[in-house]
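Visitor: 3D model of this:
(chains A and B)
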Amino acid sequence: MKLLSVRYERFRNLGALTLTPSAKTTIAVGPNGQGKTNLLEGLYFLSTLKPLRASRLAELIQFGQADAVVQGRFLLQGAERDIAVRVEGKTRTALVDGKAASSLSSYFGGVSVVAFTPDDLAVVKGGPDGRRAFLDRAVFNRFPGYLTESRDYARALKGRNRLLKDGASAAQVGAWDEALARFGAKLFVRRRALLDEVAPKAQAAFERITRLQAPARFGYGASGLSGLDFQGADEAALAQALHDALVARTPKDRERGFTSVGPHTDDLELFLGDAAARAYASQGQARALVLAWKVAEIENLAQANGFLPLLLLDDVSSELDPERNAFLMQYLVDLGAQALLSTTDAALVQRAAGPDTVWWQVEAGQVRASDGA
Amino acid sequence: MTPDAINRLVAQLAKLPGIGEKTAQRLAFHVLRSSPEYARSLAAALVDVVDKVRLCSRCFSLHDGAAEALCGFCTDPRRDERLVCVVEGIADELAVERTREFRGRYHVLHGVLSPLEGIGPEQLRIKELLQRLGDGVVTEVVVATNPDVEGEATALYLTRLLKPLGVKVSRLAQGLPMGGDLEFADQATLARAFATRRDL
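Guide: Modelled structure (predicted):
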């Protein structure tokens, strides 16, 4: 997979831009607030149909405009494909070669991306919702079918919460318990599958990054499922366990008006040796954990898809200490993937640059090719 | 100035689903240009729909017989009265009927449970279904609600109510469409078909 060119129209502060990235590393340089992140945001949105940092779709549209478009020309399995996404109000339309994509699988066939932002570096010390979103991003990238499954689950969850708030009959809540358990079990299975693939790779990567330290461990924290071998259970057993937990908690859930158990309350658990990283990891170790996870995600996608994903690194170097940054830069050079890096300080990413690196100077939403720092 | 009669017709047509102001206008002018007989028979057909078509008092399908009478599905003696297929709406009933495979009777819920839209069991024809099963004639209920979140939850809800009555409750299988190409199947369907694959 290669991105040959990308076009932005009315996307955040980017007016109308057509850019040709390098087949290897492209580095966008410029002061803060000029539009570097928007270049990455656009590519991430194009590749996943989900915004990277914006919380609402409407934020992707330039202020005062009605719609925004990001269009990419990709080389996918030997064929050039035109993939575009248009956002207007609250809706997004995906287009493949100018035609509305009939299904998400036809849209996602072959495009794969891994993003790495300063927000990611905060997940170890942050709340469980941040880690869930972090984990889910990886699951979406690996299994596009997860998009519909998690939507179904969210809808079933909203339905159950509404019934709890409205004080609905036991029979109705019971039916929703069962439905929610079935849809939830699918999410368990996907998240577990992703962790089975990524966790060993991330643990190995952590060793490469930190060398002499305690080993890292990445696990899934399924809350409230008692007496279950989470790792060994099949989908039906997971659904049963979740169902039992929902039934057991129904009185309490009714009081509180929301559902207190299920994939939406679970956590991605990170350990250093036997200690929970959330409480005990140093700032440097926390960042190394995230870096290791990202490296593992890239390797896993490469292995599963047979090609390297497009990498988007948003000013990560300034957040990493020199040693970890050196590791990351060397890793990028060795990997040889197509990557777009943004930075305020070109010196930080100089080591990732090679003869085929393309430099973009970003200023007030305009991009100009330059000869490097 | 357009005559008020035309404005009124356009306004009424534009209330129909899928019809915008422009299309409504085009339809109105088409009626105006056509022979007066066409307009009169269209008007009569519209009035007949509301005056003559009513819900069957047992299964809530549509029919145009006398009030309190039963529909063709419920009165056809060749149909198996031990078997009842529960559907969300009339369109689903027609879809099942087109297969000509199902020879039992129907029950139309007229919707599905949807807490988010405020639709509970009272808004559906669920009470009537339970009453219907009271006489013990029906031995199997096939739940043919859609395989989406609300359809699944409604099926599960019905199962909870029906199982204690001693009737067999079944659910339509999900999987690949017949005569369809594997390559055109969406991921969710294909994944489901894989998960529920069977021995040969």
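Visitor: which residues sit against the strand ranked longest in chain B?
Guide: Counting by DSSP state E, the longest strand found in chain B is strand B:80-87. The contact list for strand B:80-87 (CB atoms under 8 Å, 6 or more residues apart in numbering or on different chains) reads B:93, B:96, B:102-109, B:129, B:132-133, B:137-145, B:158. C-beta here means a position set from N, CA and C on the backbone, and glycine is covered the same way.
Visitor: now do stretch B:97-109
Guide: Stretch B:97-109 has contacts (CB under 8 Å, 6+ apart) with B:59-61, B:73-74, B:78-90, B:93, B:96, B:124-126, B:128-129, B:132, B:140-142, B:145, B:154.
Visitor: residue ranges with poor pLDDT in the stretch 201-350 of chain A?
Guide: A:212 (pLDDT under 70).
Visitor: helices and strands around the top helix by length along chain B, which ones?
Guide: With secondary structure taken from DSSP state H, chain B has its longest helix at helix B:36-52. Where contact means 3 or more CB pairs under 8 Å, 6 or more residues apart in numbering or on different chains; DSSP states H and E, helix B:36-52 is packed against helix B:21-33.
Visitor: What lies in contact with the helix it packs on?
Guide: Here helix B:21-33 makes contact (CB under 8 Å, 6+ apart) with B:6, B:9, B:10, B:11, B:13, B:14, B:16, B:19, B:38, B:39, B:42.
Visitor: Any chance of TSV for these, columns neighbour count, secondary structure and pLDDT?
Guide: Below are the contacts of helix B:21-33 laid out as TSV (neighbours: other CB atoms under 10 Å in any protein chain shown; DSSP: H, G, I helix; E, B strand; the rest coil; pLDDT from 0 to 100):
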residue	neighbour count	secondary structure	pLDDT
B:6	14	helix	92
B:9	19	helix	93
B:10	20	helix	94
B:11	12	helix	94
B:13	18	helix	94
B:14	16	coil	94
B:16	11	coil	93
B:19	15	coil	91
B:38	12	helix	95
B:39	13	helix	94
B:42	12	helix	94
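Visitor: Among these, which one sits closest to residue A:210?
Guide: When those are compared for distance to residue A:210 (CB to CB), residue B:19 wins out at 65.4 Å.
Visitor: Please report the distance of the closest one from chain A.
Guide: 21 Å (CB to the nearest CB, to the nearest Å).
Visitor: wait, what's in contact with that residue?
Guide: Residue B:19 neighbours (CB under 8 Å, 6+ apart): B:13, B:27.
Visitor: switch to 7 Å and redo it
Guide: residue B:13 (CB atoms under 7 Å, 6 or more residues apart in numbering or on different chains).
Visitor: wait, does stretch A:154-173 make contact with chain B?
Guide: Yes - Stretch A:154-173 lies within reach of chain B by CB under 7 Å from any CB of the partner chain, at A:155, A:156, A:158, A:159, A:162, A:163, A:168, A:171, A:172.
Visitor: what about the helix or strand that the longest helix of chain B is followed by, average pLDDT?
Guide: Downstream of helix B:36-52, the next assigned helix or strand under DSSP states H and E is strand B:54-55. Strand B:54-55 shows a mean pLDDT of 90.
Visitor: Just checking: what are the partner strands of strand B:54-55?
Guide: Strand pairing for strand B:54-55, determined by DSSP bridges: strand B:62-63 (antiparallel).
Visitor: least trustworthy helix or strand in chain B by mean pLDDT?
Guide: Lowest on mean pLDDT, DSSP states H and E among the helices and strands of chain B sits helix B:187-195, with a mean of 75.
Visitor: Can you tell me what sits against that helix?
Guide: Contact with helix B:187-195 is made by A:105, A:144, A:145, A:148, B:174, B:175, B:176, as judged by CB under 7 Å, 6+ apart.
Visitor: would you say residue A:231 is within a helix?
Guide: No - counting by DSSP: H, G, I helix; E, B strand; the rest coil, one finds residue A:231 to be coil, located in no helix.
Visitor: Enumerate the positions of stretch B:100-110 that are buried.
Guide: B:102, B:104, B:105, B:106, B:107, B:108, B:109 (16 or more other CB atoms under 10 Å in any protein chain shown).
Visitor: same question but for stretch A:288-305, I mixed them up
Guide: Buried positions in stretch A:288-305, judged by neighbour count with 16+ other CB under 10 Å: A:288-302.
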